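Visitor: Structure here, sequence nowhere to be found:
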């Protein structure tokens, strides 16, 4: 287990009330609730940054998955759930690649073993 470090912070009354409500709903103490909320927020921000980078074509699907510590298929499912197009290439580019694969497959089938 990692060593815990005490951190002090100042919160406004409204935020503290919301944290306490979160803790009460989950029957947790305030410190546990704050740790959980910070963890949730950091994961959500990382996910948002990775989604933006993927949408803009700055990272590949493999890099997207790695940045979120996910497998390829879990990353694929996350992109679909977020409404992000998984194929980033132009349709003409994808069509040409598929056509080449089909042609190669057809020619190897005709040539035989």
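Guide: Right, received. Where do you want to start? These numbers come from a predicted model, not from an experiment.
Visitor: Give me the neighbour count for residue 34.
Guide: Neighbours of residue 34 under the rule other Cβ atoms under 10 Å: 18. All C-beta spots, glycine's among them, are computed from the backbone N, C-alpha and C.
Visitor: And whichever strand or helix holds it, what's buried?
Guide: Per DSSP states H and E: residue 34 is located in helix 30-55. Within helix 30-55, the residues that qualify as buried are 33-34, 47, 50-51, 54, counting by 16 or more other Cβ atoms under 10 Å.
Visitor: Could you tell me the model confidence score at residue 100?
Guide: We have a pLDDT of 81 for residue 100.
Visitor: how close does it get to residue 74?
Guide: 29 Å (Cβ to Cβ, to the nearest Å).
Visitor: Low-confidence regions, the protein specifically.
Guide: 88-91, 93-94, 109-113 (pLDDT under 70).
Visitor: picking that back up, now tabulate the buried residues of helix 30-55 in TSV and tack on distance to residue 16.
Guide: Shown next, in TSV, are the buried residues of helix 30-55 (distance: Cβ to Cβ, whole Å):
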residue	distance to residue 16
33	11
34	10
47	26
50	31
51	31
54	36
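Visitor: just to revisit the earlier point, show me what the helix or strand just after the helix holding residue 34 is in contact with.
Guide: The helix or strand immediately downstream of helix 30-55 is helix 61-67, counting by DSSP H and E. Helix 61-67 is contacted from outside by 46, 50-51, 53-54, 59, 71-72, 74-76, 79, 86, using Cβ atoms under 8 Å, 6 or more residues apart in numbering.
Visitor: Likewise for stretch 35-54?
Guide: For stretch 35-54, contacts defined as Cβ under 8 Å, 6+ apart pick out 19, 22, 26, 28, 59, 61, 64, 67-68, 78-79, 82, 84, 88.
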